[in-house]
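Student: need the 3D shape of this:
(chains A, B, C, D, E, F, G, H, I, J, K and L)
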There are 12 protein chains.
Amino acid sequence: MKKILVINGPNLNMLGTREPDVYGEMTLDELNTRLASEAEVMRIDIDFLQSNSEGEIIDAIQSAEGDADGIILNAGAYTHYSYAIRDAIASVTVPCVEVHLSNIFLREDFRHVSVIAPVCAGQISGFGIKSYLLALRALVQK
Amino acid sequence: MKKILVINGPNLNMLGTREPDVYGEMTLDELNTRLASEAEVMRIDIDFLQSNSEGEIIDAIQSAEGDADGIILNAGAYTHYSYAIRDAIASVTVPCVEVHLSNIFLREDFRHVSVIAPVCAGQISGFGIKSYLLALRALVQK
Amino acid sequence: MKKILVINGPNLNMLGTREPDVYGEMTLDELNTRLASEAEVMRIDIDFLQSNSEGEIIDAIQSAEGDADGIILNAGAYTHYSYAIRDAIASVTVPCVEVHLSNIFLREDFRHVSVIAPVCAGQISGFGIKSYLLALRALVQK
Amino acid sequence: MKKILVINGPNLNMLGTREPDVYGEMTLDELNTRLASEAEVMRIDIDFLQSNSEGEIIDAIQSAEGDADGIILNAGAYTHYSYAIRDAIASVTVPCVEVHLSNIFLREDFRHVSVIAPVCAGQISGFGIKSYLLALRALVQK
Amino acid sequence: MKKILVINGPNLNMLGTREPDVYGEMTLDELNTRLASEAEVMRIDIDFLQSNSEGEIIDAIQSAEGDADGIILNAGAYTHYSYAIRDAIASVTVPCVEVHLSNIFLREDFRHVSVIAPVCAGQISGFGIKSYLLALRALVQK
Amino acid sequence: MKKILVINGPNLNMLGTREPDVYGEMTLDELNTRLASEAEVMRIDIDFLQSNSEGEIIDAIQSAEGDADGIILNAGAYTHYSYAIRDAIASVTVPCVEVHLSNIFLREDFRHVSVIAPVCAGQISGFGIKSYLLALRALVQK
Amino acid sequence: MKKILVINGPNLNMLGTREPDVYGEMTLDELNTRLASEAEVMRIDIDFLQSNSEGEIIDAIQSAEGDADGIILNAGAYTHYSYAIRDAIASVTVPCVEVHLSNIFLREDFRHVSVIAPVCAGQISGFGIKSYLLALRALVQK
Amino acid sequence: MKKILVINGPNLNMLGTREPDVYGEMTLDELNTRLASEAEVMRIDIDFLQSNSEGEIIDAIQSAEGDADGIILNAGAYTHYSYAIRDAIASVTVPCVEVHLSNIFLREDFRHVSVIAPVCAGQISGFGIKSYLLALRALVQK
Amino acid sequence: MKKILVINGPNLNMLGTREPDVYGEMTLDELNTRLASEAEVMRIDIDFLQSNSEGEIIDAIQSAEGDADGIILNAGAYTHYSYAIRDAIASVTVPCVEVHLSNIFLREDFRHVSVIAPVCAGQISGFGIKSYLLALRALVQK
Amino acid sequence: MKKILVINGPNLNMLGTREPDVYGEMTLDELNTRLASEAEVMRIDIDFLQSNSEGEIIDAIQSAEGDADGIILNAGAYTHYSYAIRDAIASVTVPCVEVHLSNIFLREDFRHVSVIAPVCAGQISGFGIKSYLLALRALVQK
Amino acid sequence: MKKILVINGPNLNMLGTREPDVYGEMTLDELNTRLASEAEVMRIDIDFLQSNSEGEIIDAIQSAEGDADGIILNAGAYTHYSYAIRDAIASVTVPCVEVHLSNIFLREDFRHVSVIAPVCAGQISGFGIKSYLLALRALVQK
Amino acid sequence: MKKILVINGPNLNMLGTREPDVYGEMTLDELNTRLASEAEVMRIDIDFLQSNSEGEIIDAIQSAEGDADGIILNAGAYTHYSYAIRDAIASVTVPCVEVHLSNIFLREDFRHVSVIAPVCAGQISGFGIKSYLLALRALVQK
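Tutor: Next up, the predicted model:
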């Protein structure tokens, strides 16, 4: 049975209660519940982590080595400058899919660059919560 | 019954026979056949167009208005400079998903910028042919 | 009797039906009809061409040599990157006036640069359909 | 009866006597006379101001509020860096048309950028004195 | 018997009649005739294509695969921004030599960058029509 | 008894009547009255100057030397390019506090740079009229 | 009774003992004591946090939602690159005032850009410890 | 008898009393007296103007036409951004020598660019008051 | 007896097991053992810390003040953007030597810039584990 | 009988023995022998110079004036920054052809710019030793 | 008796015979003769050196230490990139005046930057041979 | 017995007598003597070269091939722009260590970039003369 680790970065714990016009009204708990039930249907083991700390996200990615079969990562604002998270992804053999809820190219300039993109297996962005579901499917069928 | 238009831009007709290390060994015909059978399962009407001409791609996008329910677009190299294709996407109400076979962020600098991204519903890149299948799913469930 | 060629570039055939808040509600046909009647009053021969294809726009500009006395060109998005259209304008002796419906300096950054401006006789932008009428007057009185 | 204010910025008082190959041989007085007679035909009240001082140009624009129905502004070199004049135009409700005698895109690099363009109703450049006449027509028919 | 395909891009059909101070007085027909007679001497099969359309140039390059032994390409203004033509050259195994009539480094800034150079076998520029003759020799002796 | 000079730059005389959504509905006179009464409470002598002219603002700053104990300066658009005003501030020993009504970092790019900031004692921005009151307090307690 | 949260970022715990020529000789404890006594006079509840960790600062900002009426934030070096802290500020409704002890525009280039400025209510910099006192006043009178 | 006009721009009236380590201890009056006596020896008519106003400097340059045989211009901070002063110099036939007291290349970055340099007859900088004397000699021997 | 603190930043705990072609096959434990035995020979007290957290690295650097005689720091990816770590180094009087295992100038562009270099005593890079040994020697002989 | 001077710049004396995958296995002596025999066939006098010194290359170019009918120059790395060599080429009337063995556009970024290109008669690059032979032919037929 | 060393850099030995429209018709020998006679009048010892070699120019500057009282340096194209010559000037205590015959700001972009300017005592450019004479006077009166 | 070649570039012969605050008070002779005695202890053959000439430094690097086992190179200002020296290092198989006396990142911007770094075995900078001693050790233990 495959295992997928879902990592949500800084401020994604505020999902649903803040800026719903940008990020939708679903909370992170609801999103995780939705992913968990989908995973159950697909007979996949799924784990969740949210952290505002760059170091904890790096720890989590490293811990996936030898434990998980894939990582779904929404690195939030760290996407745009954390070369340390990039190096963490490059340091493990577990494939990592970068996801974003919104179309990052429609927003501020600094959000147009992803420093983690070159070391990820692929990117899915703009589909709201469905970005995560598609990533799950992409990793499982790999 | 929903209808999806799949548009492949310049040089994607060379798929499978050239640079298989970058783009894989599947030909465009095989990719289309694969998408067609998937569409049949999902009970979706699907249409295909490949063109090396910027103008023809614009014509195709415009013709989707009032005819198709979604566009899957791999604009090839036009992704990186065709503001005219961008305007075409913005001029129709049909949602358009941008797809790429390879991880464009791992390649030459000029491929890191997509001028059409801000007007697309979302982006899926790096999953080879599966990028198209995920896009199909993303559009249908919308 | 003078002859003026009016060339409209990519996506201007969508005028009136799409993004009316930016481009107004008049269709391209209505715009051409309006220009034709104005031309009749001024006793000018007037011709119209719309194309989404860069190559066809270049062909049209070249064909004006020895045939028309002036070109009114709204190159749409090609304005911002088609050095080939620029070279076509430079390759003919017919004076060409660049027009834009909207104030391009109020919109996205990429629309602030016109690569064809240095080879045009003049620019008129921001007056909606009146941009074309003023261009007609500018060319005829020349 | 409509009233139009024509403002000419720095060094335009040297018109006709200096660099006639760039700016033509007509003096500013002759240009104003020509505009005045055209305005008379169109039954428009017209006023003229020339100043080398950025502050006086700002004063003049502000004074147009509640007094004039349109401004024709050739800001000369201030076009390229006077954000203060830009703010003055934005601070009044009178529409302002930016005009230039020569094609500024054919000249030095610093002349290719207009910081006032985003707050003007439209731009007309490259037609010599006719730029002002077309601007007059554009404002009156508005 | 070797076969060489000579492709001339946008506005090169205007050769000889326009801007002779930059491009010389020889027409494209005369250039082709000259190349054809040289090819005959060298016992090479030679084909000619001129097009203003980016898409048609891509089609032509692709069609050379399995048909021609070399391509001589003067992509005109497309040289400076057509990543789609670049991809076409990269997608075929036929060697392509980039030629220019004039010294592109003596002209406008935008002409100093060739986006197709990295995928061409070599570049020859500045020798007028002789650029083509040297390219022919370079390809044949290869 | 301390003396403070309040200098308001270009277009700040339009306060209250124009763009109230950006700058609020208080006029410059009301703002000055408010500051004057606050100064009276604090037993400070206060002087006011508004000018659209860069030269007059420089004159005023220079005149503060030996006369005032502090300058509160809202240089308006000159903030972003007047190195001459910067040099005036540097040429006097009177401390100068830079104030802005709105958060300049939320507005156009050109407003994000202050060329006078390096020679000012401090900056206060974004608090509307309170920016001036805080500056008054900052200067007096110095 | 209003409550204000004062957050000091990386290395501000070194205040007073290091680089006193840049940051003054007051320690962070002394600064906090000074702020606390001022708050008592103003009858405001005040809380203090210092952390070198980006994640902890984000946690603290999020925790202010529903608990505090204002945040005074000196983000130290994170000011210049932490888009994650920026997003945290944007994710809460509590107004946040950005403060700096020194005039950051007089120091290294990288300190001239604040990535958090666009989402803060205002900025106060250059007044040493008085920057915090002015911020307190600004938030309370809001 | 030749006539030379010496124009000093913004803040040069503060010479001697402010920042003597950068600009020396001589006042502008002393500098002018020194230049006047030197001019007398050389039997040259000499005139002086100092202004903080960009517009007045432009007026002065224009007034030199037909009246003076040379201009010595220290444009102060306007050197670095006043394209209007540049145009004024270009609009007269009187040769203008650009002078600076200090070595502008040793100071802030913004002082390294002179927008008036391309239209001046020559530049002399770094020799303190001697810069003016050398300029006088340069103009007279011309 | 001198004391040296060796700090290894993000992902250096993965040393030896990941990307051995870039970083070599030695693990961090083996590296530390090697350094410890070398230190013993040199009669130096040596301490080790590895952390993926920017905040913890800052804490460690601050704690060295008054405790250690030198810091050897491999800040990993933080080298390229952590101005907070830079400030920490500047806030202590303990000399810090920046080390890198590989030649960072041979790798991705973002690795060519070290934001901590200006505040370090020196840099040693490219010698693999020997970079640390040389740094040890450099600090001890200081 | 025409005379051609072949100048090879820095490190080209290492040809054949170093980096043969980039530059081929032919030594500079063998290349010169090959060129000499070709020149004999074409009845051309040919001279060779190799130098690692920028100054000697300039001396050689200057000495060609009045002595040689053409220069073939491979300036090696000086191609990319020696404006002094550029000036030397511009200072003589002898036509100079720039040659490169490899396709410089396929290599490091700094090799994509040739500062000598604007003053050369033409460029030939990418054909290995044949680049020189084609240059010989280009110069002789001129 | 003072001693001045005049150093002329690359290609200045071609003076008078090449590009007389840019550099005048006087040869370097004539220029030196003119300077020598002027020096004799001023009772100054004068020495001349011309070299195309960067190394020799550095040697000459270094040799001036303890031997000459001033250097007049026209570094030719080395002006724009030779940081080594800059360091040589900085390494001696002899004052160095940078001279140029032509107005370098009227020519190509690369000539607008002088890397040696920050370490020179002053700059004189645009006065032809008189630039040297003014430099002589500047150094002697120092 | 190993042999190491120590190359010092432009202006390093001025060591000790000039700018001792930047480079220390030791002369180059004393530095070499110190290195020679250290080499004797390590039983290494050591050779020294200092040159202000780029060409001579290239000659020296090339001559090391087959003769020396390592190069210690302080290229002085050439570090920052000599791509020719870079190519020389790349053309030999002898490992080269780049050294600098001072911390180049604390000095002018142009000194922050080393064009030779990518082809060197490693870099050591900031340790004064000890930079050379550490390089010696690094090369010998290799």
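Student: residue contacts, A:E40?
Tutor: A:E40 is in contact with no residue at all, counting by Cβ atoms under 8 Å, 6 or more residues apart in numbering or on different chains. To be clear about C-beta, it is placed using only N, CA and C from the backbone, and glycine gets the same treatment.
Student: mind checking the SS state of it?
Tutor: Per DSSP: H, G, I helix; E, B strand; the rest coil, the secondary structure class of A:E40 is helix.
Student: show the pLDDT at it.
Tutor: The predicted local distance difference test score for A:E40 is 96.
Student: roughly how far does it sit from A:M1?
Tutor: Distance from A:E40 to A:M1, counting by Cβ to Cβ, to the nearest Å: 11 Å.
Student: poorly predicted segments of chain A, please.
Tutor: Low-confidence regions of chain A, defined by pLDDT under 70, span residues A:142.
Student: for chain B, what are the nearby residues on it?
Tutor: A:103, A:105-106, A:114, A:117-118, A:120-127, A:130-131, A:134, A:137-138, A:141 (Cβ under 8 Å from any Cβ of the partner chain).
Student: near A:F110, how many other residues are there?
Tutor: The local packing count at A:F110 equals 15, with neighbours defined by other Cβ atoms under 10 Å in any protein chain shown.
Student: that's a helix at it, yeah?
Tutor: Yes. Looking at A:F110 with three-state DSSP, it is inside a helix.
Student: now, the residues of chain A next to chain B that are in strands?
Tutor: Residues from the residues of chain A next to chain B lying in strands, with DSSP state E as the criterion: A:122-125.
Student: closest to chain I out of those?
Tutor: Of all these, A:Q123 has the smallest distance to chain I: 18.4 Å, by Cβ to the nearest Cβ.
Student: please name the residues that touch the residue in chain A that chain J sits nearest to.
Tutor: Taking Cβ to the nearest Cβ as the measure, the point where chain A comes nearest chain J is A:P118, at 17.8 Å. Residues counted as contacts of A:P118 (Cβ under 8 Å, 6+ apart) are A:86, B:103, B:105-106.
Student: which ChimeraX command selects the buried ones in these?
Tutor: Those of the contacts of A:P118 that meet the burial criterion (16 or more other Cβ atoms under 10 Å in any protein chain shown) are gathered into one ChimeraX selection, given here:
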select /A:86 /B:103,105
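Student: excluding its backbone neighbours, what's nearest the residue nearest in space to the middle of chain A?
Tutor: To find the centre residue of chain A, average its C-alpha atoms and take the closest one (Cα atoms, centre = their mean): that gives A:L73, at 2.1 Å. Counting by Cβ to Cβ, 6 or more residues apart in numbering or on different chains, the nearest residue to A:L73 once its immediate chain neighbours are dropped is A:I7, at 4.9 Å.
Student: so what's the one you found bridging to?
Tutor: Note on A:I7: beta-bridge partners A:L49, A:L73, judged by DSSP bridges.
Student: for chain C, see how far away it is.
Tutor: Here the criterion is Cβ to the nearest Cβ, to the nearest Å. By it, A:I7 lies 33 Å from chain C.
Student: hang on, that residue packs against A:G70?
Tutor: No. At 11.2 Å, A:I7 and A:G70 do not qualify as touching, with contact defined as Cβ atoms under 8 Å.
Student: taking chain A, what residue is nearest to chain F?
Tutor: Checked against chain F (Cβ to the nearest Cβ), the nearest residue in chain A is A:D109, 9.5 Å away.
Student: which one of the residues in chain A is closest to chain L?
Tutor: Of all residues in chain A, A:Y83 sits closest to chain L, at 18.7 Å by Cβ to the nearest Cβ.
Student: quick one: neighbours of that residue, just the number.
Tutor: Neighbouring residues of A:Y83 were enumerated by other Cβ under 10 Å; the total is 21.
Student: grab the nearest non-local neighbour of it.
Tutor: Computed as Cβ to Cβ, 6+ apart, the closest residue to A:Y83 that is not its neighbour in sequence is I:A77, at 3.9 Å.
Student: hmm, back to that, thought the residue of chain A closest to chain L was touching I:I104?
Tutor: No. In this structure, A:Y83 is not within contact of I:I104 by Cβ under 8 Å, at 11.8 Å.
Student: what parts of chain A come near chain L?
Tutor: Residues of chain A lying near chain L (Cβ under 8 Å from any Cβ): none found.
Student: A:V92 and chain H: what is the separation?
Tutor: Here the distance between A:V92 and chain H works out to 44 Å (Cβ to the nearest Cβ).
Student: list the contacts for the spatially closest residue to that residue that is not a sequence neighbour?
Tutor: For A:V92, the nearest residue in space outside its immediate sequence neighbours is A:E65; the separation is 4.3 Å by Cβ to Cβ, 6+ apart. Contacts were defined as Cβ under 8 Å, 6+ apart; by that measure A:E65 touches A:91-94.
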